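Chemist: Below: sequence and its predicted model.
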Amino acid sequence: MKDNWKKMPIGEVCKSYAGGTPSRSNPTYYGAEIPWISSGEANQAYITDTKEKITKKGLRFSSAKMIPKEAILLAMYGATAGQVSKLKIDATANQAVLALIPDDADDYYIYHELNFIKNHILFLAQGSGQPNLSKSLIDQTLIDLPPLPQQRKIANILSTCDDVIEKTEAAIAKYQALKQGVMHDLFTRGIDIKTGKLRPSYQDAPELYKESELGMIPKDWEVKKLEDFLILKSGDGITSKDINDFGEYPVYGGNGLRGYTNAYTHEGDYVLIGRQGALCGNITLSNGKIYAS
């Protein structure tokens, strides 16, 4: 199937060059019409705008270069190293961004291929701290290159998947915002049991509400401490060597699901609240047998 595919260095398939940063000490270099991309912006799938713009003078008196629309961008330094973006506008970029412009290859195929092998690219990264890539390292990296008609078919399938993902994520964001609004109304106004509808707001029917420690609440509601009607208890200790990618029971920690193990501490329905870690305060609803750390 892949007999007619080639393995070629990226540098033989694409023209590549890094950008540059106009001097920050010269205010006449910034704030104009030329989009200027930072490496932190290369974590977007498609770049359609930038936070900063530079002037023609800033472009002229720096190592920044114009990058044509539809080029592929690869972040080379720091936390975003290895991230791949597709440029949808003519722009410039800083020195931490490598522009790749295919010669006789499909640009969307190269974009998807680089996304596919970016972990391999990061493995090759130099430096003991945050990974740092270089133009020469990228240029020497081998990629699979099928004949151009196959490239286009592969790229079309993957781009169609991206379109579906983008639309799905937009729909999820819309419904999450809608849910937030509904939650606010339900948890501040409640439901009229007789009508099954949302109560009128305090502004429309102040006689239905009363003052409380939490502000105005419906008259038939109470304010209580969680400890008055819940059993609050922390989980048990577990070491990282006992947590695996696979196992019979999920392990929940302060940041949510940590992995799996072969023992459990709780069985039933529980509300889990993270009390330590970066996601301290996150809430998970669990059911069945779990290990709560």
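Modeler: Sure, I can see it.
Chemist: For Ser201, give its distance to His120.
Modeler: To His120, Ser201 is 56 Å away according to C-beta to C-beta, to the nearest Å. Quick note: C-beta positions are derived from backbone N, CA and C, even for glycine.
Chemist: repeat for Ala93
Modeler: Distance from Ala93 to His120, counting by C-beta to C-beta: 23 Å.
Chemist: more crowded one of the two?
Modeler: A side-by-side neighbour count of Ala93 and His120, using other C-beta atoms under 10 Å, places Ala93 first with 31 against 12.
Chemist: what's the closest non-adjacent residue to that one?
Modeler: Nearest residue to Ala93 in three dimensions, chain neighbours excluded: Gly19, at 3.5 Å (C-beta to C-beta, 6 or more residues apart in numbering).
Chemist: what's the answer for Ala263, then?
Modeler: For Ala263, the spatially nearest residue (C-beta to C-beta, 6+ apart) is Tyr291, at 6.3 Å.
Chemist: what do you get for Leu73?
Modeler: Ser85 (4.4 Å).
Chemist: Which strands or helices does the helix or strand hosting the one you found pack on?
Modeler: Element membership for Ser85, per DSSP states H and E: strand 84-87. Strand 84-87 sits against strand 46-47, strand 72-75, helix 107-123, with contacts defined as 3 or more C-beta pairs under 8 Å, 6 or more residues apart in numbering; DSSP states H and E.
Chemist: Quick one: mean pLDDT over the first one.
Modeler: Averaged across strand 46-47, the pLDDT comes to 94.
Chemist: same thing with the last one?
Modeler: With pLDDT averaged residue by residue, helix 107-123 scores 92.
Chemist: helix or strand right after that helix?
Modeler: Next helix or strand after helix 107-123 toward the C-terminus (DSSP H and E): helix 135-140.
Chemist: That next one: what's the following helix or strand?
Modeler: Past helix 135-140, the next helix or strand by DSSP H and E is strand 142-145.
Chemist: so what strands line up beside that following strand?
Modeler: Its sheet considered, strand 142-145 pairs with strand 6-9 (antiparallel) by DSSP bridges.
Chemist: Quick one: low-confidence residue ranges for the stretch 51-200 of the chain.
Modeler: 125-131 (pLDDT under 70).
Chemist: What number of residues are in the vicinity of the closest residue to Glu213 other than its chain neighbours?
Modeler: Leaving aside its sequence neighbours, Glu213 sits nearest to Val223 (C-beta to C-beta, 6+ apart; 5.4 Å). Neighbourhood size, Val223 [other C-beta under 10 Å]: 10.
Chemist: Likewise for Asn244?
Modeler: Asn244: 12 neighbours (other C-beta under 10 Å).
Chemist: Quick check: it vs Thr261, distance?
Modeler: Asn244 is 7 Å from Thr261, by C-beta to C-beta.
Chemist: for the longest strand anywhere in the chain, which positions count as buried?
Modeler: Determined from DSSP state E, the single longest strand within the chain is strand 30-37. For strand 30-37, burial by neighbour count (16 or more other C-beta atoms under 10 Å) applies to Tyr30, Ile34, Pro35, Trp36, Ile37.
Chemist: so the residue nearest to Ala263 is in which element?
Modeler: Going by DSSP H and E, Tyr291 is in strand 289-292.
Chemist: gap between Arg199 and Gly268?
Modeler: Relative to Gly268, and taking C-beta to C-beta, Arg199 is found at 33 Å.
Chemist: separation between Met8 and Asp139?
Modeler: 11 Å.
Chemist: what's the answer for Asp228, then?
Modeler: For Asp228, the distance to Asp139 (C-beta to C-beta) stands at 66 Å.
Chemist: swap in Pro27?
Modeler: Pro27 is 36 Å from Asp139, by C-beta to C-beta.
Chemist: These two: who's more crowded?
Modeler: Asp139 (17 against 10).
Chemist: Okay, and the closest residue to that one other than its chain neighbours sits in which element?
Modeler: Nearest residue to Asp139 in three dimensions, chain neighbours excluded: Gly11, at 2.9 Å (C-beta to C-beta, 6+ apart). Element membership for Gly11 (DSSP H and E) is helix 10-13.
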